Every structure is written in structure tokens, then in C-alpha cells.
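Visitor: Build me a model from this:
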Amino acid sequence: MSDVIRAIQNLEGIVTNLEGSLDHLESTLTGEQRDMFSSLPPANTNKTAIDKQAAVDKIDSAIDMIEDILSEDDKREGGAHG
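Guide: Numbering: from 1, shown residues only. Below is the predicted model of the structure:
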């Protein structure tokens with residue numbers, strides 16, 4: 001089970017880094033006047049464009065898998081993780 005725990009800890013670190021990056025991005029945008037009616041540039045000009053729904057689906061799937069693994073571990077060990 002230690003491999004799963006290490007993977008979850010790694011995931012937690014990655015999520016923390018992502019949250020920090022988003023906080024930094026938001027703080028750099030704070031105070032900028034954003035044009036609500038301008039159009040976005042085409043996706044092919046934005047090298048960092050991602051499919052947001054696909055990312056959400058993958059994260060949700062990963063969370064479901066982690067919950068299932070922890071639930072199975074609880075049943076085997078009689079402990080409580082959640």
C-alpha cells in the first residue's frame with residue numbers, strides 16, 4: 001500500500017503546485033482591465049491551450065479511482081481514510 005500512499009502524496013504536491021500557479025496567474029491579472037467582449041485568439045495560436053473539459057474529466061476519474069482504492073484498503077484493514 002505504500003506505493004499508493006506515495007502516489008497520492010505526489011498527486012497532492014502536484015495539485016498544490018497547480019493551485020499556487022493559478023493563484024500567481026490570478027494575482028498577475030488582478031487590476032488589469034479585461035475586455036469582456038473581445039474574442040479569444042484561435043486555439044492554434046495559443047501553445048498552452050488545453051481542453052478544459054477533458055482535464056476536468058481526467059481529474060474526476062483520478063479522484064474516483066483514489067476513493068475506490070482507499071475504500072478497498074479501509075475494508076481490508078478496518079481503518080478509515082475519509
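
Visitor: just checking, what packs against the longest helix belonging to the chain?
Guide: Longest helix of the chain, by residue count under DSSP state H: helix 2-29. With contacts taken as 3 or more C-beta pairs under 8 Å, 6 or more residues apart in numbering; DSSP states H and E, helix 2-29 sits against helix 52-77. Where C-beta positions appear, they are placed from N, C-alpha and C, glycine not excepted.

Visitor: centre of the chain versus the longest helix of the chain, how much separation?
Guide: 7 Å (C-alpha atoms, centre = their mean, to the nearest Å).

Visitor: Next: stretch 52-59.
Guide: On C-alpha atoms, centre = their mean, the centre of stretch 52-59 falls 9 Å from the chain's centre.

Visitor: Outside of it itself, list whatever touches it.
Guide: Applying C-beta atoms under 8 Å, 6 or more residues apart in numbering, stretch 52-59 has no contact partners.

Visitor: low-confidence ranges in the chain?
Guide: 1, 31-49, 79-82 (pLDDT under 70).

Visitor: what about Glu72, distance to Met65?
Guide: Here the criterion is C-beta to C-beta, to the nearest Å. By it, Glu72 lies 11 Å from Met65.

Visitor: who's in contact with Leu11?
Guide: Counted by C-beta under 8 Å, 6+ apart, Leu11 has contacts 62, 66.

Visitor: measure it to Thr28 for me?
Guide: 26 Å.

Visitor: can you check Leu70 too?
Guide: 36 Å.

Visitor: Which one's more surrounded, these two?
Guide: Leu70 (18 against 9; other C-beta atoms under 10 Å).

Visitor: Just give the number of residues close to Asp73.
Guide: 15.

Visitor: Touching, it and Val4? I think so.
Guide: Yes - in this structure Asp73 lies within contact range of Val4 using C-beta atoms under 8 Å: 7.5 Å.

Visitor: What secondary structure category should be reported for Ile50?
Guide: Following DSSP: H, G, I helix; E, B strand; the rest coil, Ile50 is assigned to coil.
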